[in-house]
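*Asks:* One predicted model, sequence on top.
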Amino acid sequence: MVNCRSRNCGENAVISVRQPLCKGHFISYFESRVAATIKKYKLADKKDKIIVACSGGKDSTTVLYLLNKWFGNVTALAIDEGIPGYRNVTLEDLRSFCSRGRIPLKVLSYKETFGFSLHEALRHTSTAVDGAQSKQRLGKVTVLPCNICGTLRRYLLNAGARGFTKIATGHNLDDEAQSIMMNFFKVNLGLAARLGPVTGVIEDSRFVPRVKPLYFCYEKEVATYAFLQNFGIRFNECPHARISFRAAVRDFINDLEQHKPGTKQNIVSNFLGMLPKLKRKYAKTASMKHCSGCGEPASNELCKACIYINSLRESLKLKEVGAAAVINSD
Ligand code: SF4
Ligand SMILES: [Zn+2]
Ligand SMILES: [Zn+2]
C-alpha cells in the first residue's frame, strides 16, 4: 500500500496525481484545481444565474455539487432523450441527488418537445447501411445516433437555459482533447474555435455562454472525486456511445497517453495557445444569422436541429414543424 506524500501525511493513498494522495488531500487538490479554473477564466461568480447541464453521470454531478456549494442558487437541467435502460437510470440518480441537495431540476424530453424519443427515431429510421446496423438513413444522409442526439441535445440545452447567465457543463480534459482532435481530423477549425473553457466565438443574445469548470481535470480524477464523495450515481454509459466517432478518437488518445503520458494535457495546452487566434479568425466569418424555423442561432437558413427534426417527423409521419413549435409554446 502506497502512502500519501502530501506534506508527509502518511495516510493510505487513493490515487496518484503527480504524487500519491490520500482521500482528504486528493479532494482538496481537485477542488482547488476547479476553483482556480473558474477564477482564471472567469467562468462564474456570485452574480451569475447558473444552470448546470446534467446527465446524472459523474462529470456533471461533480460540477453541480461544486457550483452549488460555492455559489448556491444553481438549477439543474437534464435532457431526456428517451434511451431505455440508460437515461431512465441516470435520471433517477439525478432526481435523488437534486432532492437530497434541494437543487431545482428542470427536465426537457425529446418525446414531449419533438414528438418522438431517440429510441423511436432510431427504430423507425433504421436502415442497415454498408452492413453497419447502427447507422441511420435520414433523407439522403447517413448519420450515427450521436449526430442526431448531440444536435438535438445541444438545441434543448440552449433553449432550456434561456433566462440564465451561464450554462455549466461537465466536460473534462479528456473530453476536450477528444473534441480538439475530432475537429482536426474532420478539418473543421471553425468548430474547433468554439472550444475552450468558455465556448463560442461570437456573442448572441439567444445563446447562453457555456462554461467548463472541469476543463483541466482528467476523467479518472473526476471519477475518483465522484466516487469518494459518494454522490449515489451509477457509472453507466450510453449504449450508442461505443460506435461514435468520439469513441474511436477516445481510444486512440488513451492509447497514445499510455505510450506517452501527458499527451492529453499537451493537446489541450497547445490548443489553448492557438485558440485566441482561431477565435479572432472565425469571429470575422461567424454568422449572426438565426434559423428561419426556430429562431435559434444558426450558420445557415435552417439550423441542423430543424433539419433533423423535420426529416424525422416526416419519417415518423408526424406533422412537420420546426423545433420552435413546442419550445416557444410555453
Ligand atoms: S452517447 Fe450519443 S446517443 Fe448517447 S446520449 Fe450521448 S450523444 Fe446521445
Ligand atoms: Zn494525505
Ligand atoms: Zn432551427
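*Replies:* Yep, that arrived. Ligands and ions are numbered 1, 2, ... in the order given.

*Asks:* where do the strands sit along the chain?
*Replies:* For the chain, the strands identified by DSSP state E occupy 15-17, 19-21, 50-54, 75-80, 105-109, 136-138, 141-143, 166-168, 210-211, in order along the chain.

*Asks:* If you average the pLDDT over the fifth one, what comes out?
*Replies:* Which is strand 105-109. Rounded to a whole number, the mean pLDDT of strand 105-109 is 96.

*Asks:* Now do the buried residues in stretch 66-80.
*Replies:* By neighbour count, with 16 or more other C-beta atoms under 10 Å as the criterion, the buried positions of stretch 66-80 are 66-68, 70-71, 74-80. Backbone N, C-alpha and C define where each C-beta goes, glycine included.

*Asks:* Isn't residue 6 up against residue 17?
*Replies:* No: the pair residue 6 and residue 17 fails to qualify as a contact (C-beta atoms under 8 Å) at a distance of 9.9 Å.

*Asks:* Mutual contacts of the two, please.
*Replies:* Common neighbours of residue 6 and residue 17 are listed as residue 29 (criterion: C-beta atoms under 8 Å, 6 or more residues apart in numbering).

*Asks:* average pLDDT across the helix of greatest length in the chain?
*Replies:* Taking DSSP state H as the criterion, the chain has its longest helix at helix 263-285. Confidence for helix 263-285, expressed as mean pLDDT, is 90.

*Asks:* helices or strands up against it?
*Replies:* Applying 3 or more C-beta pairs under 8 Å, 6 or more residues apart in numbering; DSSP states H and E, we find helix 263-285 packed against helix 173-185, helix 189-192, helix 245-259.

*Asks:* Can you give the contact residues for that helix?
*Replies:* Outside helix 263-285, the residues touching it (C-beta under 8 Å, 6+ apart) are 173-174, 176-177, 180-181, 189-190, 192-196, 201-202, 215-216, 218, 253, 256-257.

*Asks:* Give the buried residues for that helix.
*Replies:* Buried residues in helix 263-285, defined by neighbour count with 16+ other C-beta under 10 Å: 263-264, 267-268, 271-272, 275, 278-279, 282.

*Asks:* Could you say which one of the helices and strands packed on helix 263-285 comes nearest to ligand 3?
*Replies:* Relative to ligand 3, the nearest member of the helices and strands packed on helix 263-285 by C-beta to the ion is helix 189-192, separated by 17.8 Å.

*Asks:* Mind listing what's buried along the closest one?
*Replies:* Residues of helix 189-192 classed as buried by neighbour count (16+ other C-beta under 10 Å): residue 192.

*Asks:* All further residue positions should be reported with the first residue as 873.
*Replies:* All right, first residue 873 from here; so that's helix 1061-1064.

*Asks:* Residue 1027 and residue 906, how far apart?
*Replies:* 28 Å (C-beta to C-beta, to the nearest Å).

*Asks:* Could you chop this structure up by domain?
*Replies:* Using automatic domain parsing, the domain ranges for the chain come out as 873-912, 913-1199.

*Asks:* Residue 878 is in contact with residue 897, correct?
*Replies:* Yes: the pair residue 897 / residue 878 is scored as a contact, 4.0 Å apart, by C-beta under 8 Å.

*Asks:* Touching both of those two, which residues are there?
*Replies:* Counting by C-beta under 8 Å, 6+ apart, residue 897 and residue 878 have no contacts in common.

*Asks:* Under the pLDDT cut-off, which ranges of the stretch 923-1072 of the chain? List them.
*Replies:* Applying pLDDT under 70 to the predicted model, the residue ranges of the stretch 923-1072 of the chain that meet it are 997-1015, 1072.
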